[in-house]
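Asks: what shape does this take:
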Amino acid sequence: MQLKFPTYKFKTKSEQNTNYVFDIVRKKYVVLTPEEWVRQHVLHYLTLDKNYPYSLLAVERGLNVNGRKKRFDVLAFNKNGQPQLLIECKSPDIEINIAVFEQIAVYNSAFGVKQLLVTNGLQHIVVQYTADFKEYTFLEDVPEWESDVLM
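Replies: Just a heads-up that it's a prediction; the model follows:
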């Protein structure tokens, strides 16, 4: 399926009827699922087009929210190591709806980042919160790394 991202060259392999894609941040092959295909496009977009350093991206890490174990997709940090952008990736066949935003909001309760990206590879929604989290605006695109919007 053609996603709404620039075209990238991916390293893939197949073993025992399972397809894998090389994760450029985790530096290992991971099982290629529809959601993973979206996540890998996001990682390539952030690093190659938006200048996010590989070393300041965390991918599929666990977190504890209200005593429950959760797992976020991608978290980008600023040069001071503070979380700046939280990303939720969905399979292209999953509709981006209020439930997806509720999910990322729960994850964000652990980080308090001002910027969120939700994508299924076909639709990308970027939200920028005000400093007090009382208002937000929709952005056209993810800002370049270390731009004023990310501060």
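Asks: got a list of what the residue nearest the centre of the chain touches?
Replies: Nearest residue to the geometric centre of the chain (CA atoms, centre = their mean): residue 87, 3.0 Å. Residues in contact with residue 87 (CB atoms under 8 Å, 6 or more residues apart in numbering) are 42, 72-76, 116-119. All C-beta atoms are positioned from the backbone trio N, CA, C, and that covers glycine.
Asks: tell me which of the residues you listed fall in helices.
Replies: Under the assignment DSSP state H, these contribute residue 42 to helices.
Asks: quick one, phi psi at the nearest residue to residue 114 once chain neighbours are set aside?
Replies: The shortest distance from residue 114 to any residue other than its chain neighbours is 4.7 Å, reached at residue 129 (CB to CB, 6 or more residues apart in numbering). For residue 129, the backbone dihedrals are phi -90, psi 150 (criterion: degrees, to the nearest 10).
Asks: beta-bridge partners for residue 129, please?
Replies: Beta-bridge partners for residue 129, by DSSP bridges, are residue 136.
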